[in-house]
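Engineer: Give me the fold of what follows.
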Amino acid sequence: MQAILALEDGRIFRGKSFGARAECSGEVVFNTSMSGYQEIFTDPSYAGQIVVLTNPHIGNYGTTPHDAEAKRPYIEGLVTREFSPMSSNWRSTQVADEYLERYGVPVIAEIDTRAVVRHLRAHGVMRGVIASGDNLDTEALVAKARAIKKMEGTDLASVVTTKTAYEWDANEPRNQTGDALLTAAHESDAEPLHVVAYDFGIKQNILRMLTREGCRVTVVPATTPAEEVLAMKPDGVFFSNGPGDPEPLEYAVKNVKGLQGKVPIFGICLGHQLFGLALGGKTYKLKFGHHGGNHPIMNHRTGKVEITAQNHNFNVDPDSLPANVERTHTNLNDHTLAGLKHKTDPMFSVQYHPEASPGPHDSHYLFRDFRKMMEEWKK
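Structural biologist: Residues are numbered from 1 along each chain as shown. From the prediction side, this is the model:
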């Protein structure tokens, strides 16, 4: 069946329909990861977005519950060059086509994704619509794309967050991946630490990495007041990744301010942006965002370059931050701010995914740094 990707500027791409035979809309972004498509499908940070995968062959190793970063896919739609109708992998429990169809996610394939990416790089991310069927009205689809609510000013974290607090059980089989690199990293006799994690769209591998460092994790909804979190007597508080614009999340910025200096806090991606706003900084939207598993980051403290996984559309303006905030990491692709640390209070954050999934493991050490910060705070 024919499918069309219609962009708000009138550009039309034609291909074949896979996944759900339905219409979807969202902001169109591209991801340069070479593998890990299921983790991308299920990353809640992609809520409200149609994802173009630059890797040309998708679906060849199927899907498995162990690779999911959430209970369901969060992408609005998928754009790919080739979409395999079969899988060849001993771990696969369902082919990707059936998996996305089951969750109502449309796919357009057999198009030149290179042309789509070059268009987005030149003109910036834009709103789009995927539709399938015969005799599609392209002008109407472009009009629909132009009518989609823009990402700027949109609070999606409150949409994807958990509705109730829960304890993460690292011993449950469904919470295990079998990855040898995720075995216990802390000393077996180390004191267990209690971390409260704000869920703005948290990925499951973040929770695995926290428990890997000997932490007991309580996950709370995005709007949980700081007072309630402090009443849980945490050793540290984590602010997660998530979709959308950080500026409308005034409730979350208020909570960062309410916790700053009272307990160690660590943030990634959206959490990093919230830290920037809480410290008096400003955020802005990137032209086409950072999405992929190969972004070089300079660690200014060690002088080393880390290859990182990234997925964000907004960034903190380093020139807007006060003098008591240290710039710890820089993205070497465009020299944007990639990490910060308060000079006196126990708080730090990064604008990338140290847990990866998918992606390299260069930045796993940040979870150990968080544990060390909590241990020092308890002394």
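Engineer: Can you spell out which residues form a bridge with residue 297?
Structural biologist: residue 306, residue 331 (DSSP bridges).
Engineer: shouldn't it be in contact with residue 352?
Structural biologist: Yes: between residue 297 and residue 352 a contact is recorded at 6.3 Å, counting by Cβ atoms under 8 Å. (Glycine included, C-beta is placed from N, CA and C.)
Engineer: Please identify every residue contacting each of those two.
Structural biologist: Common contacts of residue 297 and residue 352 (Cβ atoms under 8 Å, 6 or more residues apart in numbering): 308, 338, 363.
Engineer: looking at those, which has the most residues close by?
Structural biologist: residue 338 (31 neighbours; other Cβ atoms under 10 Å).
Engineer: Assign a three-state SS to that one, would you?
Structural biologist: With DSSP: H, G, I helix; E, B strand; the rest coil as the basis, residue 338 sits in strand.
Engineer: what sits against the residue nearest to it when sequence neighbours are not counted?
Structural biologist: Of all residues not flanking residue 338 in the chain, residue 329 sits nearest, at 4.0 Å (Cβ to Cβ, 6 or more residues apart in numbering). Residues in contact with residue 329 (Cβ under 8 Å, 6+ apart) are 297, 298, 299, 300, 306, 337, 338, 339, 350, 351.
Engineer: Return the distance of the fourth one relative to residue 130.
Structural biologist: Separation of residue 300 from residue 130 (Cβ to Cβ, to the nearest Å): 42 Å.
Engineer: Looking at those two, which one has more neighbours?
Structural biologist: With neighbours defined as other Cβ under 10 Å, residue 300 and residue 130 compare such that residue 130 has more, 29 against 14.
Engineer: Which strand or helix spans the more buried one?
Structural biologist: In the assignment (DSSP states H and E), residue 130 maps to strand 126-132.
Engineer: returning to what we had before: now the two most distant members of the contacts of residue 329.
Structural biologist: Using Cβ to Cβ, the pair of the contacts of residue 329 lying farthest apart is 306 and 337, separated by 14.8 Å.
Engineer: shaky segments in this protein?
Structural biologist: 172-189 (pLDDT under 70).
Engineer: And the residue nearest the centre of it?
Structural biologist: The C-alpha lying nearest the average C-alpha coordinate of the chain belongs to residue 45 (Cα atoms, centre = their mean; 4.0 Å).
Engineer: Provide a list of residues in contact with it.
Structural biologist: Contacts of residue 45 by Cβ under 8 Å, 6+ apart are 74, 201, 203, 241, 242, 243, 269, 270, 311, 312.
Engineer: how close does the fifth one get to residue 271?
Structural biologist: Look at residue 242 and residue 271: by Cβ to Cβ, they are 8 Å apart.
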